[in-house]
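Engineer: Okay, here's the prediction I keep looking at, along with the sequence it came from:
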Amino acid sequence: MIPLRDDNPVRTFPLVNYLLIATNVAVFLYMFFLPEGDFASFIDDYSLIPALISEGRNLHTILTSMFLHGGFGHIIGNMLFLGIFGDNIEDALGHAKYLLFYLLCGVGGSLLQYVISPQLTIPNLGASGAIAGLMGSYLVMFPTARVEVLVPTYFSYRRATVPAQFMLVYWIMAQFFYGAGSFGAMSVGGVAYFAHIGGFAAGWLLTKGRQRGFPEGLGGCRRARSA
């Protein structure tokens, strides 16, 4: 189920969200045009390698890894999700808090992936942990917003419009399912499903904490206590 757009308007210009998209794209293009040897060194220096974290090395990669992507499909998919769900979260939190929230969710995703496989030597990279946190937050604040999605059928896709809570719960359940099946294949790489789960959980929990006792919506979020 691939989201195409939502019907949830914003009241403020999503400056930080656009800057995040631009930064991710710029880093990806920089990586793409590096010579092969420099590309490999860049990945080793700035992606999260759990075994190095276990040795107390390259701790900066807990942050830097969320701005790296391994291919065109990877970054296009992530930026699509970021563009759809990020603007509403930024509208709700404000620009500065949104940036902090995004980074915290990314760290949450990276940490869970690390805890699951602390001795792994394969690089982990991508913004999907942070973006999953935005999706967890969106589930709390805008569960009834409508999302247009592409639904796979036997030989093609069809369009459908579903409540955000349906799409997001379906998505996170799929991450648990695929994550459980990925344990035996972690040593050969693949999708970091536990980064998705960790990011989603961080976003959901942080937003629940901010909105405790308040109704759904932007006003409730802005009246809530600081996390």
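Structural biologist: Here it is on my side, so go on.

Engineer: show me what contacts the residue positioned nearest the centre of the chain?
Structural biologist: Central residue of the chain (Cα atoms, centre = their mean): residue 131, 2.0 Å from the mean position. When contacts are counted by Cβ atoms under 8 Å, 6 or more residues apart in numbering, residue 131 touches 78, 81-82, 85-86, 105, 199. All C-beta spots, glycine's among them, are computed from the backbone N, C-alpha and C.

Engineer: Quick one: buried ones out of these?
Structural biologist: Among these, those classed as buried by 16 or more other Cβ atoms under 10 Å are 78, 81-82, 85-86, 105, 199.

Engineer: Identify those among the contacts of residue 131 that sit within strands.
Structural biologist: Among the contacts of residue 131, DSSP state E puts none in strands.

Engineer: And those, which is closest to residue 135?
Structural biologist: Closest approach between the contacts of residue 131 and residue 135, by Cβ to Cβ: residue 85, at 5.5 Å.

Engineer: ok, now which ones touch that closest one?
Structural biologist: 3, 6, 131, 134-135, 138.

Engineer: do the same with residue 198
Structural biologist: Counting by Cβ under 8 Å, 6+ apart, residue 198 makes contact with 108-113, 129, 132.

Engineer: most neighbours, which of those residues?
Structural biologist: Most neighbours among the contacts of residue 198, by other Cβ atoms under 10 Å: residue 109, with 34 neighbours.

Engineer: which residues sit against the helix or strand containing that one?
Structural biologist: Applying DSSP states H and E as the criterion places residue 109 in helix 95-116. Contact with helix 95-116 is made by 15-17, 20, 48, 50, 53, 62-63, 65-66, 86, 89-90, 93, 124, 127-134, 136-137, 186, 192, 194-203, 206, as judged by Cβ under 8 Å, 6+ apart.

Engineer: List the single closest residue to residue 39 in space, sequence neighbours excluded.
Structural biologist: Once flanking residues are discounted, residue 39 sits nearest to residue 31: 6.1 Å by Cβ to Cβ, 6 or more residues apart in numbering.

Engineer: contacting residues for the one you found?
Structural biologist: 39, 42-43, 68-69.

Engineer: can you do 10 Å?
Structural biologist: Applying Cβ atoms under 10 Å, 6 or more residues apart in numbering, we find residue 31 in contact with 38-39, 42-43, 46, 67-70, 75, 125.
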